[in-house]
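> Only the shape, not the letters, is given here:
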């Protein structure tokens, strides 16, 4: 198997109501959650999964989410911690195009964006209730190079994308196979927290709750089949325990 390094990049944090983490649960309870990206250093290139949020955009459009992001938590600064510059990233995979997963795409101007056609269509022409989610369209900068992906796909040896729709139309999760340890499944917003997985309760913001439940169950099945650990997208306690850049996981 190809030699890989997996870096978790800290992009700061935001606040939402717990009822957005677990649909209809504990309405009126604010929760601060992490936002992170994943860099995979692979013999075939540098792959970025999600790119966090842009602080100026959130302060302007969604200030009620109380963003906390230092200069050190921007994508260029986080990449430098790993020994790279933004223009060295070869591929970007956004789990979906919500604002807190695409804010750093605009820095990765040499990268090809691997994209679900359905996700791109929804970002450009969202349902009315999706407008705030898709409010940052800077991922679609002039000259963006897109490569369409469909179905489950191995994008490089040991790096897999799995369809996990429901939260959005074209949502993807990523699995990185690791030598000598469990594979790593980055759920994206198919699972904000371990509680979503354990209780099979979807997040409050979703396009299709039935598909969301199916994706939660699929993630758990994939983890069992591949002897993998799942990394939820927005749960502070486990995030604090993970290795963060410049530390990494090797596989």
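Arrived safely, thanks for sending. Just so we're clear, the structure is a prediction, and the values are computed from it rather than from any experiment. Residues are numbered from 1 along each chain as shown.

> What number of neighbouring residues does residue 231 come out with?
23 (other CB atoms under 10 Å). Every C-beta, even on glycine, is put in place using the N, C-alpha and C of the backbone.

> In the sheet, which residues pair with it? Tell me.
Note on residue 231: beta-bridge partners by DSSP bridges are residue 186.

> Double-check residue 127 against residue 207; I have them as touching.
Yes: in this structure residue 127 lies within contact range of residue 207 using CB atoms under 8 Å: 7.1 Å.

> Pull up the gap between residue 103 and residue 118, please.
Using CB to CB, to the nearest Å, we find residue 103 at a distance of 21 Å from residue 118.

> more crowded one of those two?
residue 103 (28 against 15).

> residue ranges for the helices of the stretch 101-250 of the chain, please.
Along the stretch 101-250 of the chain, counting by DSSP state H, counting those that start in this stretch, helices occupy 117-124, 194-199, 209-225, 236-241.

> So which residue of the protein lies furthest out from the middle?
The C-alpha centroid of the chain is most remote from residue 28, which lies 25.5 Å away (CA atoms, centre = their mean).

> For that residue, which non-adjacent residue is closest in space?
residue 17 (6.7 Å; CB to CB, 6 or more residues apart in numbering).

> Next one: that neighbour from residue 231, what distance?
In terms of CB to CB, residue 17 sits 23 Å off from residue 231.

> same question, residue 34
Distance from residue 34 to residue 231, by CB to CB: 11 Å.

> And for residue 104?
For residue 104 relative to residue 231 (CB to CB), the value is 18 Å.

> before we move on, what about residue 74?
Distance from residue 74 to residue 231, by CB to CB: 21 Å.

> ok, the residue nearest to residue 28 - how many residues close by?
Neighbour tally, residue 17, other CB under 10 Å: 16.

> partner residues bridging it?
Applying DSSP bridges, one finds that residue 17 bridges with residue 30.

> quick one: the nearest residue to residue 230 once chain neighbours are set aside from residue 76, how far?
Distances taken as CB to CB, 6+ apart put residue 185 closest to residue 230, at 4.8 Å, once the chain neighbours are dropped. Here residue 185 is placed at a distance of 27 Å from residue 76 (CB to CB).

> Those two: who's more crowded?
The neighbour count for residue 185 versus residue 76, taken as other CB under 10 Å, is higher for residue 185 (25 against 14).

> got a pLDDT number for the more buried one?
On the pLDDT scale, residue 185 is placed at 98.

> do residue 2 as well
In this model, residue 2 carries a pLDDT of 80.

> How about it: what's its closest non-neighbour residue?
residue 157 (4.3 Å).

> and the one you found, how many neighbours?
Neighbours of residue 157 (other CB under 10 Å): 13.

> What of the one 4 residues further on?
Here the count is done by other CB under 10 Å, and residue 161 has 20 residues near it.

> Please name the residues that touch the residue nearest to it when sequence neighbours are not counted.
Leaving aside its sequence neighbours, residue 161 sits nearest to residue 172 (CB to CB, 6+ apart; 4.7 Å). Contact analysis of residue 172 by CB atoms under 8 Å, 6 or more residues apart in numbering lists 93, 95-96, 116, 119, 149, 161-164, 188.

> Please point out which parts of stretch 126-136 sit buried.
Of all the residues in stretch 126-136, those buried under the rule 16 or more other CB atoms under 10 Å are 126, 130, 133-136.

> Tell me, how many residues neighbour residue 79?
Residues near residue 79, counting by other CB under 10 Å: 25.
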